[in-house]
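Student: Here is my input, please return the structure:
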Amino acid sequence: MSYQDLYARWKADPEAFWMQAADAVDWTAPPSRAFFDQGPAGEWFADGMVNTCWNAVDRHVAAGHGDRLAVIHDSPMTHSVSRLTYAQLQDQVARLAGVLTARGIGKGDRVIIYMPMIPEALQAMLACARIGAIHSVVFGGFAAHELAVRIDDARPRAIIAASCGLEPGRVVPYKPLMDRAIAEAAHKPEVTIVFQRPDCVAEMVAGRDLDWTEAVAAADPVDCVPVEGNHPAYILYTSGTTGQPKGVVRHTAGHLVALAWSVPHIYDIGPGEVFWVASDVGWVVGHSYIVYGPLIAGATTVVFEGKPVGTPDAGTFWRVVADHKVKSFFTAPTAIRAVKRDDPEGKLVGQYDLSSLKAMFLAGERADPDTVTWAEERLKVPVIDHWWQTETGWAIAANPLGVGLMPIRKGSPTLPMPGYDVQVLDEGGHPVAPGTLGAIAIRLPLPPGTLPTLWNAEDRFRRAYLDHFPGFYETGDAGYVDEDGYVWIMARTDDVINVAGHRLSTGGMEEVLAAHPAVAECAVIGVVDALKGQAPLGLLCLKKGVETDPAQITAEVVRMVRDRIGPVAAFKTACVVDRLPKTRSGKILRATMAKIADGCEVVAPATIDDPAILDEIRAALAGVGYPVRA
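Tutor: Numbering: from 1, shown residues only. Sure thing, here's the model as predicted:
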């Protein structure tokens, strides 16, 4: 079945489409129908009874596949590789679930997980799913205050943590951060379970802290507990514009069906095949496609504790693909740009046998055509951009490798997936013509696997996503749909700038800057301009080994934008910086840089990877006259 046939079949009868997709899931009691018109945005498979851990682990063992490899942990930080079969994973998860149930924790109780990229993080998530507890994973090493905020919002009965995480050149103690967060929070968890890593053994609090290894070894394994289809599987916090985190809720059955459908159709991964997502379990990508998606499919997932560069070099991605015979690889464009910056010619690619690799997927930031081309030319496989959000849990627009690739148009995440009716609207909520920049919205209902609400914040959910365009989910992204239905994501809505009445995409300008042979990575921000309202300002990171005068490079990119976009862009200023401020997931903090350029007071966002970089940006912007002083 072609993509066009697949999408048409969904559009003709969404109910039948998703009920058929639900056949890939093991149900304790099957749902009576797919869509339930209840809650603020509808719910999926609400009256079915099901268990996520059974579908991700136990059913494969029951089918005789217990010896199949489930998890490969590859850690350049500890120079080690370990492996778990499905049977071994089942035993560890069932015992950890036993530790929780022995302390009265069960269906509906919340458990915060605060761990690095180790197999135990997956086991903690699956153990919660096994007993119907609702997990909330907080990125390992997150600041104590931010963890405290999440403790007070989720009100967990337990926290599962590791003693530390490992970063290049340093050990990050997690346990003291957790202790400070608990001290600060008004809500106090009853128990914490601490996995002691040999790199940093933490002090334990008597009467509250349990040693993971000792507790699991002594525990009795417990069985899976079926839950309703609309029972929350997890809460995942994403930073809100107010600074107060938003707890995105994922319902159990819709989550299962969406992942069971997307892994084979989008990523072309089946039982026994190796899927590697170079992300973190603290992000939605890690939830969907490091943990649950591959395991639901009966595949092997790679858990990687390292960085794209520096552990030890820019060839580490290719080494992992070669060592573990990875079929589909998924990372962020910012990671590939980091690799390209350190190894501009891609010489390290040639040192590894990448014959197992069939495709590389990119998501998290817009994949500029120059980065896609660089990777295509060196990897000799399709490089597939796709677009989705924490809120959606899986791809809104993609190029479905498992169905048959559509022609790739660099800069576009291709076409909407079944379940997503993507529309481009003007500020009044009216559809715009093909090729016209506007706000991207999705006609309700959203498909299975997307958020049904926010945790304890239904009114905020409506205000943030539903109220602006009635009948639609507002994505917060801006872009256009071309004559052939291809989706083009150009910027966050907040990053569309208004220059003398012209709405311009910063993403379009970034595409031009990235095409300069000396530029490894870039960002364009809109800054206040007394005459035009806003003016674009470019920030450039150069490739290693570039000796050209930065002033010459900035002059050249200014000319390039004028030539390719036109004088309407009013692009006149760019500066060279060593690095760009990013979240830990790799998103460039454009709005933060714009505030610095406008002279506003800036508080480092909780998600920033390194707050010290903001001082570097202040200095670079001051060097080109920002903020403008009267």
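Student: any idea how far residue 368 lies from residue 612?
Tutor: 26 Å (C-beta to C-beta, to the nearest Å). For the C-beta atoms, the positions are set from N, CA and C on the backbone; glycine is no exception.
Student: Please save the CA atoms from the helix or strand residue 10 falls within in PDB.
Tutor: Using DSSP states H and E, residue 10 sits in helix 3-12. Output in PDB follows, covering the C-alpha atoms of helix 3-12 (Å, rounded to 0.1, in the frame of the first residue of the first chain):
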ATOM      1  CA  TYR A   3       1.500   6.400   1.200                       C
ATOM      2  CA  GLN A   4      -1.400   8.000  -0.700                       C
ATOM      3  CA  ASP A   5      -3.500   4.800  -0.300                       C
ATOM      4  CA  LEU A   6      -2.700   4.700   3.400                       C
ATOM      5  CA  TYR A   7      -3.500   8.300   4.100                       C
ATOM      6  CA  ALA A   8      -6.700   8.100   2.000                       C
ATOM      7  CA  ARG A   9      -7.800   4.900   3.900                       C
ATOM      8  CA  TRP A  10      -7.400   6.700   7.200                       C
ATOM      9  CA  LYS A  11      -9.200   9.800   6.000                       C
ATOM     10  CA  ALA A  12     -12.100   7.800   4.600                       C
END
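Student: elements contacting the following helix or strand past that helix?
Tutor: Once helix 3-12 ends, the next helix or strand along the chain (criterion: DSSP H and E) is helix 14-21. Contacts defined by 3 or more C-beta pairs under 8 Å, 6 or more residues apart in numbering; DSSP states H and E place helix 14-21 against strand 35-36, helix 252-267.
Student: The first one: how far from the chain's middle?
Tutor: Once both centres are worked out by C-alpha atoms, centre = their mean, to the nearest Å, strand 35-36 turns out to sit 27 Å from its chain's centre.
Student: Touching that strand from outside, list them.
Tutor: 14-15, 18, 42-44, 46-47, 230, 445 (C-beta atoms under 8 Å, 6 or more residues apart in numbering).
Student: repeat that with 7 Å
Tutor: 15, 42-44, 46, 445 (C-beta atoms under 7 Å, 6 or more residues apart in numbering).
Student: Just give me the neighbour total for residue 562.
Tutor: By the measure other C-beta atoms under 10 Å, the count of residues near residue 562 is 16.
Student: Could you point out the helix or strand that follows the lowest-mean-pLDDT helix or strand in the chain?
Tutor: Lowest by mean pLDDT, DSSP states H and E among the helices and strands of the chain is strand 502-505, with a mean of 80. Per DSSP H and E, the first helix or strand lying C-terminal to strand 502-505 is helix 506-514.
Student: Just the CA atoms of the helix or strand following that next one, as CSV, please.
Tutor: The helix or strand immediately downstream of helix 506-514 is strand 519-529, counting by DSSP H and E. As requested, the backbone C-alpha atoms of strand 519-529 are provided in CSV (Å, rounded to 0.1, in the frame of the first residue of the first chain):
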residue,chain,number,x,y,z
VAL,A,519,29.4,27.7,8.5
ALA,A,520,28.8,24.7,10.7
GLU,A,521,25.7,26.0,12.5
CYS,A,522,23.7,29.2,12.7
ALA,A,523,20.7,30.9,14.1
VAL,A,524,18.7,34.0,13.0
ILE,A,525,16.8,36.0,15.5
GLY,A,526,14.5,39.1,15.2
VAL,A,527,15.7,42.1,17.1
VAL,A,528,13.8,45.4,17.8
ASP,A,529,14.4,48.0,15.1
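Student: Quick one: mean pLDDT over the helix or strand that strand 519-529 is followed by.
Tutor: Once the chain leaves strand 519-529, the next helix or strand it forms, by DSSP H and E, is strand 533-542. Per-residue pLDDT over strand 533-542 has a mean of 94.
Student: Stretch 110-128 now?
Tutor: The pLDDT scores in stretch 110-128 average 98.
Student: Check stretch 298-307 too.
Tutor: Mean pLDDT, taken over the full extent of stretch 298-307, equals 97.
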